[in-house]
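Trainee: A structural model of the following input is requested.
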Amino acid sequence: MELDLEKDFADHAYGILASLVTPRPIALVTTMSADRKVNAAPFSFFNLMGANPPICAFAPGDRDNGTPKDTVLNIRATHEFVVNLVDERIAEAMNQCAASLPFGENELTHAGLTAAPSSIVKPPRIAEAPASLECAEWGTLQIGGNRMVIGLIKRLHVRDELFDTEKKRIHTEKLLTIGRMASPHWYCKTSERFEMIRPA
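Mentor: Numbering: from 1, shown residues only. Reported below is the predicted structural model:
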């Protein structure tokens, strides 16, 4: 079956693609407004995009009425954000951060999460997150109705038990992140894994 996402299926592209390209990592993004109000919101159109320099990108959409979400407004004002990864421990709290709260109301407090100081950016990281990426906005691309925020990763915070200090790698078997599956309510665990050795 061939689906034309430019014409016949244009109105269904989000639902089709969001259910097809899975699992996707989840960015629980913390930002701060110009008047220092903290916002936290999850985004599953997110991933790393390179390591030299380290960059990540996520795509925050607009509200149903077409206005930008608080995350976008805050990054426009400050050019900084923190991507907090989501594991099984904070999955439900991440979901609570998706609630539509009034502008300026703190999602971290609503979800029972703790703001921890970042090292070089103003927005806080989330103390309970397994890892947090402090980012400076490199730029934001507007492609049709899509908005993609690209961040330069300046600092990485990771739980002590997740980092192998000798090999300078992550203990991936201990990192139990969750993934986004089909829209609107489906997720997956990443605890069941298999290994394939790349051919020489």
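
Trainee: only C-alpha atoms for contact and neighbour calcs from this point on.
Mentor: Noted.

Trainee: Tell me who's in contact with the residue positioned nearest the centre of the chain.
Mentor: The structure's the chain has its C-alpha centroid closest to Ala27; by CA atoms, centre = their mean the separation is 1.2 Å. By CA atoms under 8 Å, 6 or more residues apart in numbering, Ala27 lies in contact with Pro42, Phe43, Ser44, Phe46, Phe58, Val83, Asn84, Leu85, Val86.

Trainee: Now Ser77: which helix or strand?
Mentor: Slight slip there: residue 77 is Ala, not Ser. Assessed by DSSP states H and E, Ala77 sits inside helix 70-78.

Trainee: what helices or strands is that helix leaning on?
Mentor: If contacts are counted by 3 or more CA pairs under 8 Å, 6 or more residues apart in numbering; DSSP states H and E, helix 70-78 sits against strand 27-32, strand 38-43.

Trainee: what's the most buried one of those strands?
Mentor: Most buried of the helices and strands packed on helix 70-78, by mean neighbour count (mean count of other CA atoms under 10 Å): strand 27-32, with a mean of 26.

Trainee: where along this structure do the strands fall?
Mentor: Secondary structure of the chain by DSSP state E: the strands cover 27-32, 38-43, 46-51, 54-58, 80-85, 115-116, 125-126, 131-143, 146-158, 163-164, 169-170, 178-180, 187-189.

Trainee: and the first one with strand 46-51, angle?
Mentor: When you say that, I think you mean strand 27-32. With axes from the mean of the first three to the mean of the last three CA atoms, to 10 degrees applied, the angle from strand 27-32 to strand 46-51 works out at 90 degrees.

Trainee: next one: the fourth one
Mentor: Between strand 54-58 and strand 46-51, the angle comes out at 160 degrees (the same axes, to 10 degrees).

Trainee: Average pLDDT for strand 54-58, rounded please.
Mentor: Averaging pLDDT along strand 54-58 gives 98.

Trainee: Enumerate the positions of that strand that are buried.
Mentor: By neighbour count on 16 or more other CA atoms under 10 Å, the buried set for strand 54-58 is Ile55, Cys56, Ala57, Phe58.

Trainee: how near is the second one to Lys167?
Mentor: Just to be clear, that refers to Cys56. Cys56 sits 23 Å away from Lys167, going by CA to CA, to the nearest Å.
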